[in-house]
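Enquirer: got a sequence here, can you model it:
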Amino acid sequence: MPDDDFTPKLGRKRGKDGKRVTKYGGRILVAARLAGIKTGAKDGQRSRRFDGSRIGRGASMGRLLSSRDRLAGFRGRRAVAKVSLVRLGGKAGQVTRAHMHYVQRDGVTREGLPGDLYGPETDRADGDNFLKRTAHDRHQFRFIVSAEDGAEYPDLKPYVRRLMTQVEQDLGTKLDWVAVDHFNTERPHTHIILRGVDDQGDNLIIAREYISHGLRERASELVTLDLGPRTDQEIEARLRHDVDQERLTAIDRRLLRRMDGAREVSPADNDPYQQSIAAGRLRKLKAMDLAEDIGGGRYRLADGLEDTLRRMGERGDIIRLMQRELTARRLDRAGVEQVVSTELREPIVGRVIRRGFSDEHRDRHYVMIDGIDGRVHYIDIGRGNATPSVPESATVRLEPTRAEATQADRTVDAVARANDGRYSIDLHLRHDPNASEAFAASHVRRLEAMRRAGAGPERQADGSWSIPHDHLARAETFAQRQRRDRPVILAILSPTPIAELAAKEAPTWLDRELETGSSSAARDAGFGREVRTALASRRQWLIEQQLADGEGQDFRLRSGAMESLRQRELASVGDRLAEQLGKRFEPARNGERVEGVIARRVDLEGGPHALVERSRDFTLVPWRDVLERNIGKAASGIMRADGISWQFGRDRSGPAIG
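Expert: Numbers count the residues shown, from 1 in each chain. Here you go, the predicted model:
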């Protein structure tokens with residue numbers, strides 16, 4: 001018989017009692033199943049169930065904590081734990097320092113003071129020392145822990161230290177962390193920065209199951225031990241309160257777990273009290289068109305019930321926040337519509353009531369605006385560092401960010417197509433002789449931003465740029481990515497309260513409104529009424545100053561009025577700064593060369609200016625963002641109507657920066 005025809009058939013090894021013996025081979029099968037590999041599948045095919053959640057430290061403890069009997073934990077006090085993994089990418093010191101500065105900012109303690117950084121063994125941790133230890137870390141973890149009844153703790157530090165000690169036991173390693181307690185929100189919470197290394201100096205990998213369940217369960221467990229389990233009265237009071245809430249509640253989650261494949265559920269329960277609570281909640285959901293009574297004591301829950309209730313809850317929280325802020329500032333807006341904008345569609349002009357966190361974990365911010373349209377707006381403005389800080393009572397304009405290629409992108413593409421895929425300021429000026437050097441430099445700044453984001457264009461050694469053939473598609477993708485971080489563009493029209501602008505000797509946004517005739521956009525309600533009053537007073541003041549003529553539709557600014565106001569403001573601010581600096585103020589004029597040290601930024605009503613200091617005098621010139629990173633450096637340039645093309649450093653023979 002040929003060898004090829006022989007096919008051995010192996011049976012299962014059994015003991016003397018006839019039972020199957022599981023030794024090494026069985027352990028291999030078990031390990032394969034845990035890794036998500038289907039036993040018997042071809043070519044080691046992986047099960048769809050494998051998602052990597054069990055890779056890392058704390059996997060088994062995460063599974064144990066997530067599978068705890070929910071009924072046993074019904075009396076437990078709740079806690080929220082949010083975790084984010086931050087990849088440092090060679091910028092550990094810069095990234096960590098920025099976050100530490102953020103969590104220690106003013107106004108986070110009970111007394112409204114900056115937060116104190118503390119660690120496992122000290123109430124005042126050395127931030128610089130922690131930064132040195134993180135210098136070469138690949139990643140770090142950031143936790144936000146908030147106990148539902150955290151306000152009952154006189155000091156959160158012991159609670160947080162016990163929590164982190166328990167986490168060390170669960171993960172099987174010592175941890176290096178610092179934390180700051182915050183009391184500036186409705187519920188106290190703690191920011192914890194955890195280094196991404198274990199006690200052996202290796203990268204710390206925490207299992208996803210522990211991140212998803214373990215940390216929260218441990219935080220809840222500790223607060224329950226500290227404050228005691230919830231009493232029957234507390235539980236029943238909470239359930240009665242939840243019955244009529246227009247938000248996702250614990251009752252809804254229980255109903256969702258009990259519904260069948262057709263989304264049908266009954267309030268029936270062995271506990272009469274629980275049954276009455278479920279029945280009351282189902283009647284409320286029916287009144288909200290989120291459940292259908294199909295008879296026989298059964299209801300069909302609406303598709304997307306959980307997401308709908310979650311959005312309704314978030315909106316309700318926002319409306320209550322808006323009402324609280326209006327009351328605190330004694331702003332009477334009875335009958336004024338309150339608008340919650342998760343996505344801004346039209347430009348808005350108004351006064352800033354408050355800026356705050358919509359999601360502190362992801363550093364998402366909101367701004368409340370008392371609009372000239374007679375409405376109060378709540379607007380998501382994206383990541384905090386993507387939008388400049390703005391003082392309360394300042395007048396601002398917000399408009400939606402466009403998620404598309406800009407005219408600058410199209411111009412760069414056109415120049416590159418005409419020059420074998422290359423772009424530079426010289427090629428731009430040759431392509432469009434009417435363009436200024438400063439205008440072309442703004443296109444370079446756009447390319448630099450795209451390059452830093454890895455969006456395609458490459459800078460060559462000679463300063464020119466290599467532009468890919470699909471530049472416009474990449475520019476659109478870049479714009480869409482930017483829009484997620486900065487959904488709106490916020491421009492400060494005036495940092496000065498509206499009532500103080502009527503007789504301001506400076507060019508104001510009211511003057512521009514009067515000049516363009518767009519003042520009719522202000523409604524006779526809310527902040528719009530205040531703007532109308534200020535416009536009327538400003539119009540009269542301009543006429544008295546012989547800077548304008550006419551009334552009503554015939555009103556117009558005289559030629560050179562805005563420049564005259566600008567010079568008045570510069571002279572006034574120059575005199576004030578001259579007293580502080582002990583130097584003479586010398587106005588900068590078009591066509592003249594400006595030289596000196598960029599000392600600092602000075603915010604004026606007519607826009608931000610740079611203070612350029614020299615040995616005997618100083619001057620003020622329009623500010624450009626490029627100056628921020630060059631403060632303290634010597635610079636020179638020619639003053640022109642469209643700005644200054646700056647050159648920095650002692651040797652100023654290099655390329656100009658617009």
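Enquirer: please count neighbours and contacts with C-alpha atoms only from this point.
Expert: Will do.
Enquirer: the spatially closest residue to residue 354 that is not a sequence neighbour: which element?
Expert: Leaving out its chain neighbours, the residue that sits closest to residue 354 by CA to CA, 6 or more residues apart in numbering is residue 368, at 5.2 Å. Under DSSP states H and E, the secondary-structure element containing residue 368 is strand 364-371.
Enquirer: same thing with residue 429?
Expert: Counting by DSSP H and E, residue 429 is part of helix 425-431.
Enquirer: alpha carbons of that helix, in PDB - could you do that?
Expert: The C-alpha atoms that make up helix 425-431 are tabulated as PDB, following Å, rounded to 0.1, in the frame of the first residue of the first chain:
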ATOM      1  CA  ILE A 425       6.700  83.000  -2.800                       C
ATOM      2  CA  ASP A 426       8.800  84.000  -5.900                       C
ATOM      3  CA  LEU A 427       6.800  81.700  -8.200                       C
ATOM      4  CA  HIS A 428       3.600  83.000  -6.700                       C
ATOM      5  CA  LEU A 429       4.600  86.700  -7.400                       C
ATOM      6  CA  ARG A 430       5.700  85.700 -10.900                       C
ATOM      7  CA  HIS A 431       2.300  83.900 -11.400                       C
END
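Enquirer: now for whichever helix or strand comes after that helix, which elements pack on it?
Expert: Counting by DSSP H and E, the next helix or strand C-terminal to helix 425-431 is helix 437-452. Where contact means 3 or more CA pairs under 8 Å, 6 or more residues apart in numbering; DSSP states H and E, helix 437-452 is packed against helix 407-417, helix 425-431.
Enquirer: now those helices in CSV, with mean pLDDT and mean neighbour count?
Expert: Shown next, in CSV, are the helices and strands packed on helix 437-452 (pLDDT from 0 to 100; neighbours: other CA atoms under 10 Å):
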stretch, mean pLDDT, mean neighbour count
helix 407-417, 94, 18
helix 425-431, 94, 17
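Enquirer: let's have these in JSON lines, adding distance to residue 172.
Expert: Listed next are those as JSON lines, based on distance: least, CA to CA, whole Å:
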{"stretch": "helix 407-417", "distance to residue 172": "52"}
{"stretch": "helix 425-431", "distance to residue 172": "58"}
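Enquirer: of all these, which one comes closest to residue 471?
Expert: helix 407-417 (6.6 Å; CA to CA).
Enquirer: and that closest one with helix 437-452, angle?
Expert: 90 degrees (axes from the mean of the first three to the mean of the last three CA atoms, to 10 degrees).
Enquirer: can you list contacts of helix 407-417?
Expert: In this structure, residues lying in contact with helix 407-417 by CA atoms under 8 Å, 6 or more residues apart in numbering are 422-423, 427-428, 431, 443, 446, 467, 471-472, 475.
Enquirer: can I get it as PDB, trimmed to CA atoms?
Expert: Taking Å, rounded to 0.1, in the frame of the first residue of the first chain, the C-alpha atoms of helix 407-417 are listed here in PDB:
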ATOM      1  CA  GLN A 407      -9.000  79.900  -2.100                       C
ATOM      2  CA  ALA A 408      -5.400  79.800  -0.800                       C
ATOM      3  CA  ASP A 409      -5.300  76.100  -1.500                       C
ATOM      4  CA  ARG A 410      -6.600  76.600  -5.000                       C
ATOM      5  CA  THR A 411      -4.000  79.300  -5.700                       C
ATOM      6  CA  VAL A 412      -1.200  77.100  -4.500                       C
ATOM      7  CA  ASP A 413      -2.400  74.300  -6.700                       C
ATOM      8  CA  ALA A 414      -2.600  76.700  -9.700                       C
ATOM      9  CA  VAL A 415       0.900  78.000  -9.200                       C
ATOM     10  CA  ALA A 416       2.300  74.500  -8.700                       C
ATOM     11  CA  ARG A 417       0.600  73.200 -11.900                       C
END
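Enquirer: any idea how far it is from the middle of the chain?
Expert: 31 Å (CA atoms, centre = their mean, to the nearest Å).
Enquirer: ok, now stretch 358-367?
Expert: For stretch 358-367, the distance to the chain centre is 5 Å (CA atoms, centre = their mean).
Enquirer: list the buried residues in that stretch.
Expert: Buried positions in stretch 358-367, judged by neighbour count with 16 or more other CA atoms under 10 Å: 358, 364-367.
Enquirer: that older thread, next structured bit after the strand holding residue 368?
Expert: Moving toward the C-terminus from strand 364-371, the next helix or strand (DSSP H and E) is strand 376-383.
Enquirer: which other helices and strands does that following strand contact?
Expert: Where contact means 3+ CA pairs under 8 Å, 6+ apart, strand 376-383 is packed against strand 338-341, strand 364-371, helix 471-485.
Enquirer: ok, which of these comes nearest residue 222?
Expert: Nearest of those (CA to CA): strand 364-371, 29.2 Å.
Enquirer: which residues sit against the closest one?
Expert: Taking CA under 8 Å, 6+ apart as the rule, strand 364-371 contacts 322, 348-359, 376-384, 526-528.
Enquirer: ok, now stretch 233-240?
Expert: 75, 250-251, 277.
Enquirer: mind redoing it with 10 Å?
Expert: By CA atoms under 10 Å, 6 or more residues apart in numbering, the surrounding residues in contact with stretch 233-240 are 74-75, 230-232, 241-242, 249-251, 273-274, 276-278, 280-281.
Enquirer: could you give me the buried positions within that stretch?
Expert: residue 239.
Enquirer: may I have it as PDB, with CA atoms only?
Expert: Extracted in PDB, the C-alpha atoms of stretch 233-240 (Å, rounded to 0.1, in the frame of the first residue of the first chain):
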ATOM      1  CA  GLN A 233     -35.100  55.400  51.000                       C
ATOM      2  CA  GLU A 234     -32.300  56.700  48.800                       C
ATOM      3  CA  ILE A 235     -32.900  54.100  46.100                       C
ATOM      4  CA  GLU A 236     -36.700  54.600  46.100                       C
ATOM      5  CA  ALA A 237     -36.400  58.300  46.000                       C
ATOM      6  CA  ARG A 238     -34.000  58.100  43.100                       C
ATOM      7  CA  LEU A 239     -36.200  55.800  41.200                       C
ATOM      8  CA  ARG A 240     -39.300  58.000  41.800                       C
END
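Enquirer: so for that stretch, mean pLDDT?
Expert: For stretch 233-240, the mean per-residue pLDDT is 83.
Enquirer: how deep is the spatially closest residue to residue 349 that is not a sequence neighbour tucked in, by neighbour count?
Expert: In space, and not counting its chain neighbours, residue 349 is closest to residue 397: 4.4 Å by CA to CA, 6+ apart. Here the number of neighbours of residue 397 (other CA atoms under 10 Å) works out to 19.
Enquirer: from memory residue 397 sits against residue 495, does it?
Expert: No. Using CA atoms under 10 Å, residue 397 is not in contact with residue 495; the gap is 11.9 Å.
Enquirer: by mean pLDDT, flag the weakest helix or strand of this protein.
Expert: Least confident helix or strand, the chain: helix 24-34 with a mean of 54, by mean pLDDT, DSSP states H and E.
Enquirer: and the next element down the chain from it?
Expert: The first helix or strand that comes after helix 24-34 along the chain, using DSSP H and E, is helix 59-66.
Enquirer: right, and the helix or strand after that following helix?
Expert: Following helix 59-66 in sequence, per DSSP H and E, is strand 79-87.
Enquirer: check the offset of that following strand from the chain's centre.
Expert: Using CA atoms, centre = their mean, the offset of strand 79-87 from its chain centre is 15 Å.
Enquirer: who does it pair up with?
Expert: strand 139-147 (antiparallel) (DSSP bridges).
Enquirer: give the rounded mean pLDDT of the partner strand.
Expert: 93.
Enquirer: low-confidence regions, this protein specifically.
Expert: For the chain, residues meeting the criterion pLDDT under 70 lie at 1-54, 68-74, 106, 335, 518-520, 649-658.
Enquirer: care to break it down by domain?
Expert: Structural domains assigned to the chain are 1-50, 59-227, 232-307, 407-485, 563-648, following automatic domain parsing.
Enquirer: what about the residue lying closest to residue 391 once chain neighbours are set aside, neighbour count?
Expert: Counting by CA to CA, 6+ apart, residue 391 lies nearest to residue 495, which is 6.8 Å off, once chain neighbours are set aside. Neighbourhood size, residue 495 [other CA under 10 Å]: 19.
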